[in-house]
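A.B. asks: here's a sequence, model it:
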Amino acid sequence: ALQQVCQAAETPAACDERGNEAALGLVHAWHYTESRFQNTPAESMVTSRLARMREELFGAIAGGRLGEGEAALPPMWNVTMRAVEKLRQWVSGYIWRETHWLWLMDSIQAGRVVQTTWGDADEWPKFGVHDAHAEAPLSRAPPRYVFS
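C.D. replies: Have a look, this model is predicted:
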């Protein structure tokens, strides 16, 4: 809706007004999500992370338009794009960490490098992988890992 209003707006003020409404909605959703996970096992993963990101992302709302002339955008565009990018990085990193941890634990338990986390090795050639059936034993006793 914000993009549609800004494209059809006759004045930057109309776009800014809609941008401010969208900003308030985003801030409300952000605070709701932060508070929803307080005092739960997910507090350190969700609430604490969002609280750290809040000032960095939403500090820009207080500023004026970004850019000059007709190309200038309401601060909400900048905030939205930065928030989506930060959350994408966070989720991608979290998924990679979880998947890597599972692979590491499977390999340690098997005493060799395994591909269980990545699916059936017989399907790997269609993705261009040619070493799914290679044997790779672990040469020493594994270190003790703790998931944090």
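A.B. asks: run a quick neighbour tally on residue 53.
C.D. replies: 17 (other C-beta atoms under 10 Å). To be clear about C-beta, it is placed using only N, CA and C from the backbone, and glycine gets the same treatment.
A.B. asks: for it, give its distance to residue 86.
C.D. replies: Taking C-beta to C-beta, to the nearest Å as the measure, residue 53 falls 6 Å from residue 86.
A.B. asks: same check on residue 37?
C.D. replies: Going from residue 37 to residue 86 by C-beta to C-beta gives 17 Å.
A.B. asks: how far away from the center of its chain is the lengthiest helix in the chain?
C.D. replies: In the chain, with assignment by DSSP state H, the single longest helix is helix 75-110. In this view, helix 75-110 has its centroid 6 Å away from the chain centroid, taken as C-alpha atoms, centre = their mean, to the nearest Å.
A.B. asks: ok so residue 13 is a helix residue?
C.D. replies: Yes. Counting by DSSP: H, G, I helix; E, B strand; the rest coil, residue 13 is located in a helix.
A.B. asks: what about it, neighbour count?
C.D. replies: Neighbours of residue 13 (other C-beta under 10 Å): 9.
A.B. asks: right, I'll leave it there.
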